[in-house]
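> please find the sequence and the predicted model below.
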Amino acid sequence: MNFYSKLSSEVYDIDKPIGHSFGDVEYYIERLAGCDGLILEPATGTGRILIPLLQKGFDVVGFDISEDMLELCRANCEKRNLQPNIFLGEMENFSIDQKFEAIIVPTGTFLLLYNREKSIQALKNFYHHLEDGGRLIVDIFLESGFKVGEVSTRTWTCENGDTITLQSSNVEIDHVNQHTRSHGRYEKWRNGALIQTELEPFTLRWYGVEEFKMVLEQTGFEDIVISADYKFGEYPTTANQVITFEAVAAKSKKDR
């Protein structure tokens, strides 16, 4: 899985601060209405989704593979007098002695598991950690517009006046194994001098819409609803839409 290190985590917190929404924050709050039990958010990051849910009174547990992201999440929670249970973990092999009424993976984060076997193992792990009848809500997106050799550059200004630049280069698209790979070069500058740099390989896989539904069914999920652009039950019609799957863990999971 991709690893968000110091600079890439800092950029995420600047670029997508707490309160920033793609429509997903409102959607998840709406879909979780009436959920009185525990909710789990794998890959919770800086708390962009976690914190609004906590502020709405939901009981949310989160984890992430990046300690740098969790450090920012803890700081963001402390600023708001929140003390959630968050920990270091991986989607495919985390193990905790709790069952959840819902597990949510917004904004395509699940696709960071570019290895197909690991992504399927993660779905099985989610299923195992759900209560009977519990729900999984997960976003994916399709490969659209990726061009090998394309280079883009972005710039952010930190609170202390430092500048962070990101040069992202698209290096590979593997149609057989269904993943893309790019390299992100992060640089932090202060008074014209380079003080920090990171190189981050960034690999994403994609699933077809009906393919992912079939994988969920084979994992044991039922009552699967497919939605596009956070409009519940509206089937996707174009390749550039965010696609959300909501699925229910079978009420009897003894044979899974």
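It's in. Numbering: from 1, shown residues only.

> what does the helix or strand harbouring Q196 rub up against?
Assigned by DSSP states H and E, Q196 falls within strand 193-205. Outside strand 193-205, the residues that touch it by CB atoms under 8 Å, 6 or more residues apart in numbering are 2-8, 108, 111-116, 119, 162, 168, 177-189. Heads up, the C-betas are built off the backbone N, CA and C, glycines and all.

> quick one: strands adjacent to that strand?
Paired neighbours of strand 193-205 in the sheet (DSSP bridges): strand 179-190 (antiparallel).

> put the alpha carbons of the partner strand into PDB.
The C-alpha coordinates for strand 179-190 follow below in PDB (Å, rounded to 0.1, in the frame of the first residue of the first chain):
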ATOM      1  CA  HIS A 179      -3.300  -0.400 -12.000                       C
ATOM      2  CA  THR A 180      -1.600   2.900 -12.700                       C
ATOM      3  CA  ARG A 181       1.700   4.200 -11.200                       C
ATOM      4  CA  SER A 182       3.000   7.700 -10.800                       C
ATOM      5  CA  HIS A 183       5.900   9.200  -8.900                       C
ATOM      6  CA  GLY A 184       5.400  12.300  -6.700                       C
ATOM      7  CA  ARG A 185       8.400  14.400  -5.900                       C
ATOM      8  CA  TYR A 186       7.800  16.600  -2.900                       C
ATOM      9  CA  GLU A 187      10.100  19.500  -2.000                       C
ATOM     10  CA  LYS A 188       9.900  22.000   0.900                       C
ATOM     11  CA  TRP A 189      11.600  25.400   0.400                       C
ATOM     12  CA  ARG A 190      12.400  28.100   3.000                       C
END
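
> can you tell me what sits against that strand?
The contact list for strand 179-190 (CB under 8 Å, 6+ apart) reads 7-8, 11, 114, 143, 146, 158, 161-174, 194-206.
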